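**Student:** Build me a model from this:
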Amino acid sequence: MKLISAFGAADMLEVDRQTVRRALRHVAPDGYEKKQPRWRMKTIIEAVDRHLGRNSGAVAPAQSAMEALFERFDIGCKGLDGLPDLEARRREARQLMAVLVELDTAMRADARARREDELRAALRCDQHFRLAMRNFEKPCEWTLDECWSILAKGTG
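**Tutor:** As a prediction, this is how the structure comes out:
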């Protein structure tokens, strides 16, 4: 699970840094890195949406499906280190890559539905995908290039 700083998220979401800071003011961090608070991207997006009043209270079916994908991916990544052997971790990582592709598709569809600027949405989704791929390096003992190669083989 990749944790992100408030400022890093602001850059990825192309939102003012102080907006993200204010949105996260009362949100407990998902973890710490060098004693600095960090959050999952899902947590940050939800906090910013709440802060900006984007959520009407009702969750659209597409949104809840996307949230389920985020949850499935995050839980799967957390569990990678707990798998008994390298081959089991690699098998699970391949399945999680398929979930990540599905999640990326859902994020892009959601951005189109919200009429988000196309370039901004593409950059945000690409950055999320790149960060998410880093989850497989350590537990699977792959380089980042190997991760991308395995993804290409699995979807090709």
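**Student:** domains for this protein, by residue range?
**Tutor:** Domain assignment for the chain by automatic domain parsing gives 1-58, 59-156.
**Student:** Among those, which one carries the weakest average confidence?
**Tutor:** Across the domains of the chain, the stretch with the lowest average pLDDT is domain 1-58; it has a mean of 86.
**Student:** on contacts alone, who are the packing partners of the lengthiest helix in the chain?
**Tutor:** Of all segments of type helix in the chain, defined using DSSP state H, the longest is helix 86-113. Helices and strands in packing contact with helix 86-113 are listed as helix 61-80, helix 118-133, helix 137-140, helix 144-155; criterion 3 or more Cβ pairs under 8 Å, 6 or more residues apart in numbering; DSSP states H and E. C-beta here means a position set from N, CA and C on the backbone, and glycine is covered the same way.
**Student:** Dump these to CSV, plus distance to P37 and mean neighbour count.
**Tutor:** Listed next are the helices and strands packed on helix 86-113 as CSV, based on distance: least, Cβ to Cβ, whole Å; neighbours: other Cβ atoms under 10 Å:
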stretch, distance to P37, mean neighbour count
helix 61-80, 18, 15
helix 118-133, 17, 16
helix 137-140, 22, 16
helix 144-155, 26, 13
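**Student:** For R22, which of those is the nearest?
**Tutor:** With Cβ to Cβ, the closest approach to R22 among the helices and strands packed on helix 86-113 belongs to helix 118-133: 19.9 Å.
**Student:** starting at the chain centroid, how far to that closest one?
**Tutor:** A distance of 9 Å separates the C-alpha centroid of helix 118-133 from that of its chain, computed with Cα atoms, centre = their mean, to the nearest Å.
**Student:** again, but for stretch 103-111
**Tutor:** Relative to the mean C-alpha coordinate of its chain, stretch 103-111 is positioned 11 Å out (Cα atoms, centre = their mean).
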